[in-house]
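Engineer: Please find the sequence and the predicted model below.
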Amino acid sequence: MIEGVNRTDRLYALVEELRAVAPRPRTAQQLADRFEVSVRTVERDLGALLEAGVPIYTRTGPGGGYALDKAHTLPPVNFTPDEATALAIALARPASSPLAGALGSALRKVVAAMGPAEAEAAERLARRVALLPHPTDARPPTAATIEEALLRSQVVEIAYEDRHGVVTTRRVEPTALVSNGAIWYLVGRCRLRGGDRSFRFDRIRTARLTGERSPDHAVPDIREGLPAARRLTLLG
């Protein structure tokens, strides 16, 4: 039995309990007995974990209960509090960034995979950092469609306003998203111009997916109108 467990520790322990027996399930009553709380408390905690993106699912019928998809979770991660806080700072302005919704859920998963003491220390450190509002925080209404076009490899049709205020309709085969630190650009093969072009997110007035599969183009070497771009990598 576990005595004197606060909610932060219990949430972490719930995940590890389900991970240890995965793919076998545990009933709410079994978990309540394990942590010496009510079934209602366990169900509320499991709901909070689901909202944070932890892949818990239920099995109905005899032998059913709550189970964890072990293949889609992280074991305890050895992030230090300052590393976790640095991630929080980097993701603190997701609104203007591509895949904005995924940024917040990714951070929650990282924190959920940390040990409770490290997660609490990271939270204390994060509360000592404040970011003032910035004009680039605004997310253009067409951003989600542009991102989906890249994710799905679909041709996207946009109404684009150039620097002279002239609006043209373009069909673009998306290849990359690029940022200079303040502004995001869609880079792709423009069928109207017959070559690679970059389009500022904040000048794309409308965007719609065409449903047409986009050819798999290599990411171009970006020079025109943009500073030299550094490719993002997850491998350092």
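Structural biologist: Thanks, I have it. Note that the coordinates shown come from a computational prediction; the quantities given were computed from them, not determined experimentally.
Engineer: What's opposite the residue lying closest to Thr169 once chain neighbours are set aside in the beta bridge?
Structural biologist: Using C-beta to C-beta, 6 or more residues apart in numbering and skipping residues adjacent in sequence, the residue nearest Thr169 is Ala159, 5.6 Å away. For the C-beta atoms, the positions are set from N, CA and C on the backbone; glycine is no exception. Counting by DSSP bridges, Ala159 is bridged to Thr169, Thr206.
Engineer: now Ala159: how far from Arg197?
Structural biologist: 14 Å (C-beta to C-beta, to the nearest Å).
Engineer: that older thread, spit out the contact partners of the residue nearest to Thr169.
Structural biologist: Val167, Thr168, Thr169, Arg170, Ile204, Arg205, Thr206, Ala207 (C-beta atoms under 8 Å, 6 or more residues apart in numbering).
Engineer: domain parsing for this protein?
Structural biologist: As recorded under automatic domain parsing, the domains making up the chain are 7-71, 81-135, 143-213.
Engineer: Which one of those has the poorest average confidence?
Structural biologist: Of all the domains of the chain, domain 81-135 carries the lowest average pLDDT, namely a mean of 69.
Engineer: Name the helix or strand for the spatially most central residue of the chain, please.
Structural biologist: With distances taken as C-alpha atoms, centre = their mean, the residue of the chain nearest its centroid is Ala102 (1.7 Å). Here Ala102 sits within helix 100-113, counting by DSSP states H and E.
Engineer: Same check on Ala149?
Structural biologist: Judged by DSSP H and E, Ala149 forms part of helix 143-152.
Engineer: just the strands in this protein please.
Structural biologist: For the chain, the strands defined by DSSP state E cover 56-59, 65-68, 154-161, 167-179, 184-190, 195-200, 204-213.
Engineer: Can you list the helices and strands that the longest one packs against?
Structural biologist: Using 3 or more C-beta pairs under 8 Å, 6 or more residues apart in numbering; DSSP states H and E as the contact criterion, the neighbours of strand 167-179 among helices and strands are helix 143-152, strand 154-161, strand 184-190, strand 195-200.
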